[in-house]
Structure formats: structure tokens, C-alpha cells
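Engineer: just need the structure, nothing else, for what follows:
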Amino acid sequence: MTTSILKRTALLCSFIATGFMAEAQYFTFAPEIGAGATSATLSAPPAIIDPAHATIKTTSDFNANFKIGLAVAFQFDQFWSINSGAFYQYIEPTFVQGTQPSTTITDKMNYINIPLEIVHINSALKKGFYYGIGVNFGLPISGTDERVTNNGTPSVKTTIKFDGLENATFGNNYTHYNFLNVGAVAKVGYFFGKTYLGVEANLGLSNISPNSNSKYKINTYGVHVGYIISKKKPRQPAVPQTDSTSL
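Structural biologist: A predicted model of the protein is given here:
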């Protein structure tokens, strides 16, 4: 009796799982390109230029950013998908510190971004709006830090190391930032068949400055366009076979 109940339960579960897998599940892959503006806030700058103003919060100018990569989505329901991928992004926050002489700080940084998002879509991915939220993990590749003081002195340029070491002073060797740059992502857009167009915001959550009492957070805003090149449906699970006499 017990064996018969277990077999019936297993068979029922397998039918439910098969129905779920067949509902609307498939992977999509899409090359994607985007551009926009970068803004950042800096408090107690990583390299102290003027100790008297070390704790003043400074907002960067809006500079252009650029990204390109491959978006991957797993549609697990008629109207929902989990999106990820890998994207190269170039950002360039620029700050002006002090009065006279003022110092302009320009960080030129290259990142690989790996987002993880939950996105609401239309069931057929043909036409219609999409929107989503998630988190982005920025992994740095390289960067340079350049400082120009408005008093005729030569500019100072250093290589950025994303090793989390604290900058005691700003010298001619390296500028140090934290490795992982985490941001909150929000996006909205529209499907035109296989092509889609959208806007997004990536708001910095993590502090990339390793210095005590310092905060350096980066935000990016942009427009993106992508083209779905393939859809791949996962392999359907096999339905266990059984004969009527065994139940």
C-alpha cells in the first residue's frame, strides 16, 4: 500500500514538473550596447589634497560612460525572467576640489559588470514593455587617476590598484581603491520584435574608497539597445513510465 502511494505521488510530481518546464521556459542571448552619463560622490577624498577640506562632500561632473557585452535571460514564466550577462564598461568620474588653486581629479576606470536582475516581460517577447530591478557586481580591470592643480604645476598621474589598501598619501606610484563595486539596478524598456531599447540606472551601494572616514560611490545612467540572436529551450524532463497494475 505504501509503495503504491509513493509511486502515485512521484508520478503526480513528475507531471507537475513537466508542465512547469513546458510553460514558457527558455534562454535568450542578446548582444547589447549602451552609453550614458556617470556621476559620483566623494567625501574625504582618497588622496588628501587639502586637509582643511578633507571631509567636504563633492559631486562629480556628468561624464560619458560606455558599455558593451552579452545579455543572457532565463524566462521561467510567461511574464518573468532572470537576467544576467557580462559587460565591459568604461567610466570617468571627474571632481573639482578646493577654490584657488583648485584641483581637478579624473578617474578613468574599466570594469566588467555582471548584473543579476528579475525582469517583467511580455509572454511572447515580440512587442511590449519590460521593466526590472536587481543588483550589479562591478569587477575592475584597470584604471588611472590624474590630478591637475590650477597653479601651473605639472599634472600627477598614477595607476589605480583595486587592492583595498589605504592611501596614506597621494604619491607618484599608485592610487588604491576597493575591488568590488556593487550597485542597485533599475531598468525599463520596450521590445520591437527581436530588438529592444531601454534606459537604466546603476546606483552605487558600495564604497570603493579604502580610506578611513572616506566615501566614494559611483552612479551610472544610460540608454541600451540589444538584439536577441537565439532562444534555447531547456531539455524537457522525462516522464516516468509505469504500468497500471503497479499502482
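
Engineer: from here on, contacts and neighbour counts on C-alpha atoms
Structural biologist: Noted.

Engineer: please, where are all the helices along this protein?
Structural biologist: Here the chain has its helices, by DSSP state H, at 2-24.

Engineer: check it and tell me which residue is nearest its centre.
Structural biologist: Relative to the mean C-alpha position of the chain, the nearest C-alpha, by Cα atoms, centre = their mean, is the one of Asn136, at 2.9 Å.

Engineer: is that residue in a bridge, and if so with what?
Structural biologist: Applying DSSP bridges to Asn136 yields these beta-bridge partners: Pro115, Gly183.

Engineer: identify the residues contacting the residue nearest to Lys161 when sequence neighbours are not counted.
Structural biologist: In space, Lys161 comes closest to His176 once its chain neighbours are excluded; the distance is 4.9 Å by Cα to Cα, 6 or more residues apart in numbering. When contacts are counted by Cα atoms under 8 Å, 6 or more residues apart in numbering, His176 is found next to Pro46, Ile160, Lys161, Phe162, Asp163, Gly164, Leu165, Glu166, Asn167, Ser209, Pro210.

Engineer: ok, His176 to Asp107 distance?
Structural biologist: Using Cα to Cα, to the nearest Å, one obtains 12 Å as the distance from His176 to Asp107.

Engineer: also Leu165?
Structural biologist: Using Cα to Cα, which is the criterion applied here, Leu165 is 17 Å from Asp107.

Engineer: for these two, indicate the residue with more neighbours.
Structural biologist: A side-by-side neighbour count of Leu165 and Asp107, using other Cα atoms under 10 Å, places Asp107 first with 20 against 15.

Engineer: the residue lying closest to that one once chain neighbours are set aside: neighbour count?
Structural biologist: The spatially closest residue to Asp107, leaving aside those adjacent along the chain, is Asp145, at 4.6 Å (Cα to Cα, 6+ apart). Asp145 is surrounded by 20 other residues when neighbours are defined as other Cα under 10 Å.
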